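Novice: Mind folding the following:
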Amino acid sequence: MSETSMSDEFPDRLSVDPNSPYYNADILQRDVGIRFKGIEKTNVEEYCISEGWVRVTAGSAKDRYGNPLTIKVHGPVEPYFRDKK
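Specialist: Numbers count the residues shown, from 1 in each chain. Coordinates of the predicted model:
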C-alpha cells in the first residue's frame, strides 16, 4: 500500500481483535496510541470516539474462550499515531 493511500484519519471504532468487525490491520500496523482522559493507555482492546469509551483488559483474567476479560470505561478518547510525535 502506498503512502498516498494511507490516511491519518482514524475510524470511529477500532479493535485489536482479528475476529472483530472493527479490526483494521492496515491502521494497526502504524503503531496506534490511545490517550484516554489525557493519559496514554497501553492496554486498550477497542475504542469508539463518537460514543466516548474504551475497552481495557482486566488484569490477566481470561474468559472461557481464552480471550482477555475487558471493562468498558467512558470518557474522552484521542487516538494518535506514535510515529507522528
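
Novice: Each with direction, which strands does the longest strand anywhere in the chain pair with?
Specialist: Identified as the longest strand of the chain according to DSSP state E is strand 53-62. Strands that pair with strand 53-62, judged by DSSP bridges, come out as strand 44-48 (antiparallel), strand 68-74 (antiparallel).

Novice: Packed most tightly, which of those strands would that be?
Specialist: The highest mean neighbour count among the strands paired with strand 53-62, using mean count of other C-beta atoms under 10 Å, belongs to strand 44-48: a mean of 21. For the C-beta atoms, the positions are set from N, CA and C on the backbone; glycine is no exception.

Novice: contacts for that one?
Specialist: Contacts of strand 44-48 from elsewhere in the structure, counted by C-beta atoms under 8 Å, 6 or more residues apart in numbering, are 12-17, 20, 22, 34, 36, 53-57, 68, 70, 77, 79.

Novice: rerun at 10 Å
Specialist: Strand 44-48 has contacts (C-beta atoms under 10 Å, 6 or more residues apart in numbering) with 10-17, 20, 22-23, 32-34, 36, 41, 53-57, 67-74, 77-79.

Novice: Selection in ChimeraX covering whichever of the residues you listed are buried, please.
Specialist: Buried members of the contacts of strand 44-48, defined by 16 or more other C-beta atoms under 10 Å, are picked up in ChimeraX with:
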select :10,13,14,15,16,32,33,34,36,53,54,55,56,57,68,70,77,79
